[in-house]
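In: sequence and predicted structure below; questions after.
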Amino acid sequence: EAQVTQNPRYLITVTGKKLTVTCSQNMNHEYMSWYRQDPGLGLRQIYYSMNVEVTDKGDVPEGYKVSRKEKRNFPLILESPSPNQTSLYFCASSLSETGHTEAFFGQGTRLTVV
Amino acid sequence: GESVGLHLPTLSVQEGDNSIINCAYSNSASDYFIWYKQESGKGPQFIIDIRSNMDKRQGQRVTVLLNKTVKHLSLQIAATQPGDSAVYFCAENAAGGTSYGKLTFGQGTILTVHP
């Protein structure tokens, strides 16, 4: 089954404790991206990647890191999480390297930083 | 379910009516537009897309209209069903310039369909 898989689905952590949210897709897609979703603000792009070893900042990259060492995986790293990073996070992938095709989204990761 | 917006525009329709959801986009360099549907507790799901060299595209029960002059996008849903109740997002993507590859979403519209 074609899908984007995020883990974990739910995470509660403390301020400053490094964490990684994994994202994996099995569709051989070029483009992958991370978003955060907050009430009243919609989906905001954090980082995106148009190919292996190619990553670019989205609209809200501060406090986040990503890597794209292989095509299928695009982990989101929070080196020192803060409470303002409490949010619902989505990973997505699409076939076209520019993102100009249908994007498939994961089920989301609900992160709470206390 | 998830609360994706506290002050989002809302549209309430009766089952069987047609629905029109509107979106204003900001970047005149955007050349690709997409509509997504998000049900409570789920990730966004692709509905339909349109490129800037078109002004209309039809899918199954859905039509997207693009007016580049006023930077406006609309999604029309025919014969709306209770299963169409969700939050609908438009998104834009630019092919070049500083926004190359960046996907920007609108804030969303809550559609509620009453049986």
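Out: Arrived safely.
In: low-scoring stretches of the chain, by residue?
Out: Reading this off chain A. A:97, A:99 (pLDDT under 70).
In: switch to chain B, that's the one I care about
Out: Using pLDDT under 70, chain B drops low at B:1-7, B:95-100.
In: for chain A, give me its nearest residue in it.
Out: Using CB to the nearest CB, residue B:43 is the residue of chain B that sits closest to chain A, at 3.4 Å. C-beta here means a position set from N, CA and C on the backbone, and glycine is covered the same way.
In: run a quick neighbour tally on that residue.
Out: Close neighbours of residue B:43, defined as other CB atoms under 10 Å in any protein chain shown, add up to 22.
In: where's it relative to residue A:60, distance?
Out: 18 Å (CB to CB, to the nearest Å).
In: find the residue closest to the most centrally placed residue in chain A in space, skipping its chain neighbours.
Out: Taking CA atoms, centre = their mean, the centroid of chain A lies closest to residue A:34, which sits 2.9 Å from it. Using CB to CB, 6 or more residues apart in numbering or on different chains and skipping residues adjacent in sequence, the residue nearest residue A:34 is residue A:46, 4.3 Å away.
In: off-centre distance for the helix or strand where the one you found lies?
Out: Using DSSP states H and E, residue A:46 sits in strand A:42-51. Taking CA atoms, centre = their mean, to the nearest Å, one finds the center of strand A:42-51 at 7 Å from the center of the full chain.
In: what lines up beside it in the sheet?
Out: The pairing partners recorded for strand A:42-51 under DSSP bridges are strand A:31-38 (antiparallel), strand A:54-57 (antiparallel).
In: helices or strands up against whichever helix or strand comes after the last one?
Out: Going down the chain from strand A:54-57, the next helix or strand is strand A:65-66, by DSSP H and E. Other helices and strands packing on strand A:65-66, by 3 or more CB pairs under 8 Å, 6 or more residues apart in numbering or on different chains; DSSP states H and E, are strand A:42-51, strand A:76-78.
In: nearest to residue B:49, out of these?
Out: strand A:42-51 (16.0 Å; CB to CB).
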